[in-house]
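Participant: Fold the following.
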Amino acid sequence: MFKVASFNCNSVRARLDIILNWLESEKPDILCLQETKVEDQHFPTGGFNSVGYNVIFTGQKSYNGVAIASPHDITGITHDITGFCRPGEARLIEAQIKGINVVNTYMPQGRAPNTEEFAYKINWIKSMRHYFAQHYRPDMMLLWTGDFNVALEPIDVYAPDKLLGQVGYHPDEHEALHYVKEWGLEDIFRRHVKEAGQYTFWDYRVPNGIKRKMGWRIDHIWATQCLASLSRCACVDMGPRLMEKPSDHTFIVAEFDL
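Facilitator: Predicted coordinates for the structure are as follows:
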């Protein structure tokens, strides 16, 4: 069994105890983190090493930042992302672990439709198809994880009729993400979990959002078909979101027969 997880930690240092305790209890083979919000020289590498994990990362002060942790050897991969990512933005990191290519992304939030930030987000998403086509093939073992900042299906949001057209659940975002998906990727969570009400994000600003089930599934684990066919299950781990001083997201997890 090979376990993969993704988590927008909303500050790796603020959430370090939650992350390290989760690593020790769940023992994933790969954990992809987003919104680490720390410059590289201040990343808490020692904490990960103390629980048996190697970690690679790229970050910036107070914003964005991505990391990949694994108990296995990590071969870092660097590709040019200046064609679609603004200079200095730490939104994508890649590695190869146990023969699997891992691409971890923190996509732009987009602010609001009809803004420059939203147009940037749409271009960012669509550019991922060219990126995959340039560096990978659909017949390769490829894992794409991260906070996509897009809920793709009606069952991925608590009120699809009300929310349709808002940032994060907008037809333009859906079109862009489907365009990337058609390159040869599958949503592993939806391969195994068909019911509604499975969310990974609850806005801090919504009073009692978790109790009222007002969530979004905007964190994803996707894979090429050769890897997807080896997947055995997927789930959302609600526990970390219910802890003291949590992230506004929680862990999404998938297991593979590898």
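
Participant: can you give me the strands in the stretch 51-200 of the chain?
Facilitator: With DSSP state E, counting those that start in this stretch as the criterion, the stretch 51-200 of the chain has strands at 54-58, 66-70, 75-77, 92-97, 100-106, 142-147, 185-187.

Participant: Serialize those to CSV and add fields for mean pLDDT, mean neighbour count and distance to N123.
Facilitator: For glycine as for every other residue, the C-beta is placed from the backbone atoms N, C-alpha and C. Below are the strands of the stretch 51-200 of the chain laid out as CSV (pLDDT from 0 to 100; neighbours: other CB atoms under 10 Å; distance: least, CB to CB, whole Å):
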stretch, mean pLDDT, mean neighbour count, distance to N123
strand 54-58, 98, 20, 21
strand 66-70, 98, 25, 19
strand 75-77, 94, 13, 23
strand 92-97, 98, 21, 14
strand 100-106, 98, 23, 14
strand 142-147, 98, 26, 17
strand 185-187, 98, 21, 19
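
Participant: Take these and lay them out in a markdown table including distance to D248.
Facilitator: Converted to a markdown table, the strands of the stretch 51-200 of the chain look like this (distance: least, CB to CB, whole Å):
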| stretch | distance to D248 |
| --- | --- |
| strand 54-58 | 21 |
| strand 66-70 | 17 |
| strand 75-77 | 28 |
| strand 92-97 | 21 |
| strand 100-106 | 14 |
| strand 142-147 | 10 |
| strand 185-187 | 22 |
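
Participant: Show me where the chain has its helices.
Facilitator: With helices called from DSSP state H, the chain shows them at 16-26, 45-50, 116-135, 160-163, 171-181, 188-192, 225-228.

Participant: and of the ones you listed, who's closest to Y106?
Facilitator: helix 116-135 (10.4 Å; CB to CB).

Participant: wait, what's in contact with A90?
Facilitator: Taking CB atoms under 8 Å, 6 or more residues apart in numbering, we find A90 in contact with T36, T58, G59, Q60, N64, G65, V66, Y106.

Participant: Leaving out the residues flanking it, which one is nearest to the first one?
Facilitator: The shortest distance from T36 to any residue other than its chain neighbours is 3.3 Å, reached at G65 (CB to CB, 6 or more residues apart in numbering).

Participant: For the one you found, give its distance to N101.
Facilitator: 21 Å (CB to CB, to the nearest Å).
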